[in-house]
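Participant: Build me a model from this:
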Amino acid sequence: MVLLFIARWQWLPNWLAVVCFCAWVLKDLLLYRFLRRAYEPSVTGPASLIGARGIAQGDLAPSGYIRVRGELWRAVVNPADNVVRSGTEVEIVSAQRMEVFVRTID
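Facilitator: Numbers count the residues shown, from 1 in each chain. Here you go, the predicted model:
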């Protein structure tokens, strides 16, 4: 719009306005590949851990702590009547607030 305004009032030759517009579009096309992730929605917090695997840092009967990606998370075994021994590998199936729900990996 600015280029059209300037070209309309003869402050800028028409050919230069077209070149500037094409350069602007080309810049956007070239940078899109690098900036695409900034515009995609991302999952953060405990929900980003769903599907991740961790190690029980004590018995989970039915709750305790697991280590995932170097962090300790409060975990609850799903279903609640199971007991997971310390050192067992578990998978996160859901997350709510700062607590994750896990199941043992068969």
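
Participant: List the buried residues in the longest helix seen in the chain.
Facilitator: Scanning the chain for the helix with the most residues, using DSSP state H, yields helix 14-39. Neighbour counts using 16 or more other CB atoms under 10 Å place A17 of helix 14-39 among the buried residues. Yep, even glycine has a C-beta here, placed from its N, CA and C like the rest.

Participant: any idea of the mean pLDDT in it?
Facilitator: Confidence over helix 14-39 (mean pLDDT, whole number) is 87.

Participant: What helices and strands are in contact with it?
Facilitator: Other helices and strands packing on helix 14-39, by 3 or more CB pairs under 8 Å, 6 or more residues apart in numbering; DSSP states H and E, are helix 2-8.

Participant: same question for the helix it packs on, mean pLDDT?
Facilitator: Average pLDDT, helix 2-8: 67.

Participant: buried residues in the helix or strand hosting S94?
Facilitator: Secondary-structure assignment from DSSP states H and E places S94 in strand 89-96. For strand 89-96, the neighbour count (16+ other CB under 10 Å) marks V90, E91, I92, A95 as buried.

Participant: Not counting sequence-adjacent ones, nearest residue to V68?
Facilitator: Leaving aside its chain neighbours, V68 sits nearest to G54 (3.6 Å; criterion: CB to CB, 6 or more residues apart in numbering).

Participant: correction: R53
Facilitator: Using CB to CB, 6+ apart and skipping residues adjacent in sequence, the residue nearest R53 is E91, 5.3 Å away.

Participant: Mind listing the residues bridging to that neighbour?
Facilitator: R53, R103 (DSSP bridges).

Participant: What of E71?
Facilitator: Residues in a beta bridge with E71, per DSSP bridges, are V68.

Participant: what's the neighbour count on it?
Facilitator: By other CB atoms under 10 Å, the residues close to E71 number 9.

Participant: Surely T88 touches Q57?
Facilitator: No: the pair T88 / Q57 is not scored as a contact, 10.3 Å apart, by CB atoms under 8 Å.
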